[in-house]
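Peer 1: need a 3D model of the sequence below.
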Amino acid sequence: MIKADLINKIAKEMDISKQEAETGVNLFFQTIKEAIERGEEIELRGFGSFRFRQREARSGRNPRTGEPVQVPSKKVLYFKPSKHLKNLFNK
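Peer 2: Numbers count the residues shown, from 1 in each chain. Down below sits the predicted model:
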């Protein structure tokens, strides 16, 4: 499913115009993006959560030369599906 499919589904189910559905979908995604930029965790009950994990600095290798390189620490965004969502695809 792509964003356009989601917009069409919402417009049909809610009996609203595609423009109104698109505005709602864009607002939803924009709100999530802004929360992520502020470093907030996002929890959507019954669906899952977006959280940050801190990866520590580590040693790695350059795949071309094989030389060791130092990989700096960084924050990584990850999605953790809810228990309900996990059960849907692990039947």
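
Peer 1: how about the helices in this protein?
Peer 2: Using DSSP state H, the helices of the chain run over 3-14, 18-37, 83-89.

Peer 1: which intervals of this structure have sub-threshold pLDDT?
Peer 2: Nowhere does the chain drop to pLDDT under 70.

Peer 1: could you chop the chain up by domain?
Peer 2: The record's domain split for the chain, according to automatic domain parsing, is 1-40, 41-91.

Peer 1: residues near the closest residue to residue 84 other than its chain neighbours, how many?
Peer 2: Excluding the flanking residues, the one nearest residue 84 by C-beta to C-beta, 6 or more residues apart in numbering is residue 46, at 5.3 Å. The C-beta positions use only the backbone N, C-alpha and C, and glycine is treated the same way. Residue crowding around residue 46 was assessed by other C-beta atoms under 10 Å; the count is 8.

Peer 1: how about the contacts made by residue 46?
Peer 2: The contact partners of residue 46, taken as C-beta atoms under 8 Å, 6 or more residues apart in numbering, are 82, 84, 85.

Peer 1: residue 36 too?
Peer 2: 42, 50, 77.

Peer 1: in ChimeraX, how would I select just the buried ones from the residues you listed?
Peer 2: In ChimeraX, this line selects whichever of the contacts of residue 36 come out buried by 16 or more other C-beta atoms under 10 Å:
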select :50
